[in-house]
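Asker: this one's structure only:
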């Protein structure tokens, strides 16, 4: 009977660790990648990056130039438009416009991933940064210079493609699974860990908790090494527009910050549980041996 309990406890420990390995990434995806407020907060600092500013300025120049009917006139005005766009992305007006663009683009993308929008077709889906939040400021600056910028051009729906993927349908399936699993992820992980301790023999329960915490901490360290590399590799293989490559790379770097933070927190909690259980078990054993030196059995 004791052997059966030890076996079942060991299985539950492994299941608890596996659940923890899935729980942290799942909560990160739901809480950061698929949460518009969290996404905007994580990517807001990119508005201060020179590479982001250059990419958006180039895209704005192309868009505004394309709104001018005359090809000859557009060609002649392109340097002026480029100068105005460059001044705008270096100004204080750019960060709030960037945040609004990120919010619009992310909300549309999440709607597509959750398959509750017909914004794009899952067969040839794209993730874009809408340019409309920037265009009115550019248009007004050009009008102040007396240039023929048409009214209403700031609602064209123009955007810069960050990436395009042929696997959006697969991504939709993954997101749907995450939506179902994530609310239960942490309770299931904790429940499995508790069951593992309860099923263990009475003298080994604290040891079981210590082992569970230690294995979970090691798993978090492994994820800290492998998961960011996997995310970067996944984005590296996407079809990225020329002006969007650096923006996408910077965005991925920014989004990996909260992932690493969550993994470190999970490591800290797991390690604390493991060490706490081990110390408590050691103290309990010492007290037992002090009371009865002839009893050398492990106690927990």
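Answerer: Looks like it arrived, so ask away. Being a predicted model, the structure only gives us computed values, none of them experimental.
Asker: any idea how far stretch 98-105 is from the chain center?
Answerer: Computed by CA atoms, centre = their mean, to the nearest Å, the chain-centroid distance of stretch 98-105 equals 16 Å.
Asker: Can you tell me how far residue 270 is from residue 256?
Answerer: Relative to residue 256, residue 270 is positioned 21 Å away (CB to CB, to the nearest Å). (Each C-beta comes from the backbone N, C-alpha and C, glycine too.)
Asker: Counting neighbours, go ahead and name the busier of these two.
Answerer: Between residue 270 and residue 256, counted using other CB atoms under 10 Å, residue 270 has the larger neighbour count: 23 against 18.
Asker: count of residues packed around residue 217?
Answerer: Neighbours around residue 217, by other CB under 10 Å: 21.
Asker: An error on my part: the question was meant for residue 277.
Answerer: When neighbours are counted by other CB under 10 Å, residue 277 registers 22.
Asker: contacting residues for it?
Answerer: The contact partners of residue 277, by CB atoms under 8 Å, 6 or more residues apart in numbering, come to 206, 207, 209, 210, 213.
Asker: now with 10 Å?
Answerer: Contacts of residue 277 were listed using CB atoms under 10 Å, 6 or more residues apart in numbering, and they are 197, 205, 206, 207, 208, 209, 210, 211, 212, 213, 214, 300.
Asker: Equivalent analysis for residue 89, please.
Answerer: With contact taken as CB under 10 Å, 6+ apart, residue 89 is in contact with 47, 50, 52-58, 60, 95, 97-98, 134, 137-138.
Asker: for residue 7, same thing?
Answerer: Contacts of residue 7 (CB under 10 Å, 6+ apart): residue 199.
Asker: how about the helix or strand containing it: buried residues?
Answerer: Using DSSP states H and E, residue 7 falls within helix 2-28. Buried residues in helix 2-28, counted by 16 or more other CB atoms under 10 Å: 9, 12-13, 15-17, 19-21, 23-28.
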